[in-house]
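K.L.:
predicted model and sequence below, questions to follow.
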Amino acid sequence: MTAKERLRNLVEDLSEEEAATALPIVERRRVDRMLQALAAAPPDDEESSPEEDAVSQDALAEYERGEAVSPDQLKRDLGLA
């Protein structure tokens with residue numbers, strides 16, 4: 001089965017609500033050059049340092065506690081909105 005056939009089958013199984021949620025993601029992926037570049041980039045094969053791992057763990061813990069800044073808030077903070 002081709003990737004398109006698998007995708008069609010998956011789409012057919014989606015509820016209308018799930019399809020409405022997925023549609024903007026797929027549409028944006030097709031036109032956003034940054035997302036296309038990230039998808040085409042090779043995997044990062046460089047080891048992270050213990051310090052980088054600690055910072056990442058701290059950031060994840062903050063996010064899980066609900067302390068993350070939303071994109072809209074970040075834009076306001078930077079004077080972009």
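P.N.:
Received, thanks. Residues are numbered from 1 along each chain as shown.

K.L.:
now do the helices in this structure.
P.N.:
Assigned by DSSP state H, the helices in the chain fall at 3-13, 16-31, 33-40, 50-64, 71-77.

K.L.:
the longest one packs against which elements?
P.N.:
Just to be clear, that refers to helix 16-31. In terms of contacts (3 or more C-beta pairs under 8 Å, 6 or more residues apart in numbering; DSSP states H and E), helix 16-31 is packed against helix 33-40. In short, each C-beta sits where N, CA and C put it, glycine included.

K.L.:
and the helix it packs on, what other elements does it pack with?
P.N.:
Going by 3+ C-beta pairs under 8 Å, 6+ apart, helix 33-40 lies up against helix 16-31.

K.L.:
give the buried residues for the helix it packs on.
P.N.:
Buried residues in helix 16-31, counted by 16 or more other C-beta atoms under 10 Å: none are found.

K.L.:
could you give me the average pLDDT of it?
P.N.:
For helix 16-31, mean pLDDT is 93.

K.L.:
please tell me how far residue 80 sits from residue 47.
P.N.:
Noted for residue 80: a distance of 35 Å to residue 47, by C-beta to C-beta, to the nearest Å.

K.L.:
likewise for residue 32?
P.N.:
Going from residue 32 to residue 47 by C-beta to C-beta gives 30 Å.

K.L.:
of these two, who's got more company?
P.N.:
In this view residue 32 and residue 47 are compared by other C-beta atoms under 10 Å, and residue 32 has more residues nearby, 12 against 7.

K.L.:
for that one, give me phi and psi.
P.N.:
According to degrees, to the nearest 10, the main-chain angles of residue 32 amount to phi -80, psi 110.

K.L.:
residue contacts, it?
P.N.:
Counting by C-beta atoms under 8 Å, 6 or more residues apart in numbering, residue 32 makes contact with nothing.

K.L.:
distance check, it against residue 16.
P.N.:
Relative to residue 16, residue 32 is positioned 25 Å away (criterion: C-beta to C-beta).
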